[in-house]
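here are the coordinates; sequence isn't available:
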């Protein structure tokens, strides 16, 4: 039986202690994992983005009303909502659209501080009653009030992806103006000083050129090429297979990370899937994948690892800590998925044997390894969210011998968590049919948390532990707002201590 103590007054001190330990090999103390945090408020809703706390405001994309005459034709609208962080009171909301953003892409508000005032950029419908498949308007809103900062933008039409922050306090979008829908996309940058949306040239602007934007500064060309650029200029263009190996494909799942502080661009992806366009079950080998280190100035390959891929327990992201890259490889195993049109689901793993290992950033040499065996908690694919640990900001959480262990990314050292630990695990995510330009507009909820014990068994009703919140990397002196199974939930610092 879990013997967690429900207390609020100790949260600040315990969180500070946990963060102090984050720079060391993981050595958890029992009551950090069994002391649960008391929620201050909750608001029920279906979130399309993880909540973002901006001083005293919480910003989040949410599912809004539905349209359509039958359940098979029903689609949801979305809205950007601001809540008061201290009470959960709704401050304002605005109907928004995803634009051309792909259905598998996560949503996140684009927020920047301009002249000591926080602003958020968003795409809104061309007209209030217009569908999401039409042209969009690009607006800059005041985070606290929702008021339009620059009324001159209200008549600006764009055919674009969601806005993002570029430079120090500018907003960018990838797309084009009316009359050029079939032309090459451009990076358009809004300058608060000039109050003008124009082709980007400032530092921090990504690529400009043809192709579909991938992540950050990369794009995939229809001719199976890859181009990379920053500060508004293309730096190099190379054939896809030349950069990532002969077995690679632009149709594969890709994961990228620019590690900064040097010339290396890290790219990771599994080998091309054998799934065809037909419906039904398809089985493929897990013993595949490639991770390459690329010089981001020249595009030259520094080193390449065959059979490697980002780890499922790291949310399929490339983890880099203390100049060590954390990766995984499947030594054996298959995955069977059921395909319906263009969507795959119901993933079943068989005969899995998996290894986690650390790689030196500069040389590509292995510095540590850890046998993960066949434990089901350590496998998964993007959007298969029915179970699994939530990845930590400083530590990696894995299951060894059926129990949760922390892994130090720099050394591979492990430490078992206490049996009465209360952990954050993934709750099942709904698929949402959202109004968009795509013919099959299935989006996923934002990462949703539930709580579970150290074996991965969910609790019916149990708040998260103090340690599990800290492990996600939240600023311990600020309010913590997460997407729990019962809705948007806030944990506020204790002001009386």
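Noted; the coordinates are in hand. Just so it is clear, the structure is predicted and the values come from calculations on it, not from any experiment. Numbering: from 1, shown residues only.

Skipping its backbone neighbours, what lies nearest residue 484 in space?
residue 449 (5.3 Å; C-beta to C-beta, 6 or more residues apart in numbering). For every residue, glycine as well, the C-beta is placed using N, CA and C.

now residue 32, what's its secondary structure?
helix (DSSP: H, G, I helix; E, B strand; the rest coil).

any idea of the pLDDT on it?
Predicted confidence (pLDDT) for residue 32: 80.

For it, the count of nearby residues, please.
22 (other C-beta atoms under 10 Å).

The residue nearest to it when sequence neighbours are not counted and residue 402, how far apart?
Leaving aside its chain neighbours, residue 32 sits nearest to residue 467 (4.0 Å; criterion: C-beta to C-beta, 6+ apart). To residue 402, residue 467 is 20 Å away according to C-beta to C-beta, to the nearest Å.

surely the residue nearest to residue 484 meets residue 429?
No: checked against C-beta atoms under 8 Å, the pair residue 449 and residue 429 is beyond contact range at 10.8 Å.

Tell me who's in contact with residue 489.
Listed by C-beta atoms under 8 Å, 6 or more residues apart in numbering, the contact set of residue 489 reads 39, 41-42, 481-483.

Identify the farthest-apart pair in the residues you listed.
Greatest spacing in those, by C-beta to C-beta: 41 and 483 (13.7 Å).

Quick check on these two: which one has the bigger neighbour count.
Under the criterion of other C-beta under 10 Å, the comparison of residue 41 against residue 483 puts residue 483 first, with 22 against 18.

Now do that one, the pLDDT please.
92.

That one looks like it's in a strand, true?
Yes: counting by three-state DSSP, one finds residue 483 located in a strand.

which residues does it bridge with?
Residue 483 has these beta-bridge partners by DSSP bridges: residue 488.

Run through the residues that contact it.
47, 50-51, 445-449, 489 are the contacts of residue 483 under C-beta under 8 Å, 6+ apart.

And it, how far from residue 111?
In terms of C-beta to C-beta, residue 483 sits 18 Å off from residue 111.

Likewise for residue 41?
Distance from residue 41 to residue 111, by C-beta to C-beta: 22 Å.

Between residue 467 and residue 402, which has more neighbouring residues?
Higher neighbour count among residue 467 and residue 402: residue 467, with 28 against 12, using other C-beta under 10 Å.

any chance you could map the strands in the stretch 101-250 of the chain?
110-114, 117-125, 136-142, 157-160, 164-166, 170-176, 186-191, 196-199, 212-213, 218-220, 225-230, 233-239 (DSSP state E, counting those that start in this stretch).

Determine the set of other helices and strands touching the last one.
In terms of contacts (3 or more C-beta pairs under 8 Å, 6 or more residues apart in numbering; DSSP states H and E), strand 233-239 is packed against strand 225-230.

go on, the longest one?
Helices and strands touching strand 117-125, by 3+ C-beta pairs under 8 Å, 6+ apart, are strand 90-96, strand 110-114, strand 136-142, strand 170-176.

Which of the ones you listed comes out lowest on mean pLDDT?
strand 170-176 (a mean of 84).

report the angle between the axes of that strand and strand 117-125?
20 degrees (axes from the mean of the first three to the mean of the last three C-alpha atoms, to 10 degrees).

Using neighbour counts, pick out the buried residues of strand 170-176.
For strand 170-176, the neighbour count (16 or more other C-beta atoms under 10 Å) marks 170-176 as buried.

How are the helices of the chain distributed by residue range?
11-21, 30-34, 240-244, 466-471 (DSSP state H).

just to revisit the earlier point, I'd like the strands of the stretch 101-250 of the chain written out as TSV, with distance to residue 311 added.
Output for those, formatted as TSV (distance: least, C-beta to C-beta, whole Å):
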stretch	distance to residue 311
strand 110-114	28
strand 117-125	32
strand 136-142	36
strand 157-160	33
strand 164-166	26
strand 170-176	29
strand 186-191	32
strand 196-199	39
strand 212-213	25
strand 218-220	21
strand 225-230	24
strand 233-239	27
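
and of the ones you listed, who's closest to residue 350?
strand 218-220 (31.9 Å).

circling back: closest to residue 398 out of the strands of the stretch 101-250 of the chain?
That would be, of the strands of the stretch 101-250 of the chain and by C-beta to C-beta, strand 218-220, which comes in at 29.6 Å.

and that closest one, what's its mean pLDDT?
Strand 218-220 comes out at a mean pLDDT of 66.

any weak-confidence spans in the stretch 101-250 of the chain?
102-106, 128-134, 179-184, 200-224, 230-232, 245, 247-250 (pLDDT under 70).

Show me what the nearest residue to residue 348 once chain neighbours are set aside bridges to in the sheet.
Among residues not flanking residue 348 along the chain, residue 336 sits closest, at 4.7 Å (C-beta to C-beta, 6+ apart). Beta-bridge partners for residue 336, by DSSP bridges, are residue 283, residue 348.

picking that back up, which among the contacts of residue 489 gets closest to residue 434?
Looking across the contacts of residue 489 and measuring by C-beta to C-beta, the closest to residue 434 is residue 483, at 16.8 Å.

Between its first and last residues, what's the separation in stretch 295-309?
19 Å (C-alpha to C-alpha, to the nearest Å).

before we move on, the earlier item: nearest to residue 304 among the buried residues of strand 170-176?
Using C-beta to C-beta, the buried residues of strand 170-176 come closest to residue 304 at residue 174, 28.6 Å.

so the closest one touches residue 161, yeah?
Yes: counting by C-beta under 8 Å, residue 161 is a contact partner of residue 174 at 4.8 Å.

Let me see the contact set for residue 109.
Counted by C-beta under 8 Å, 6+ apart, residue 109 has contacts 49, 52, 59-61, 80, 120, 122.

Among those, which are located in strands?
52, 59-61, 80, 120, 122 (DSSP state E).

Make JSON lines out of those and add distance to residue 357.
Listed next are those as JSON lines, based on distance: C-beta to C-beta, whole Å:
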{"residue": "52", "distance to residue 357": "33"}
{"residue": "59", "distance to residue 357": "38"}
{"residue": "60", "distance to residue 357": "36"}
{"residue": "61", "distance to residue 357": "36"}
{"residue": "80", "distance to residue 357": "41"}
{"residue": "120", "distance to residue 357": "40"}
{"residue": "122", "distance to residue 357": "41"}
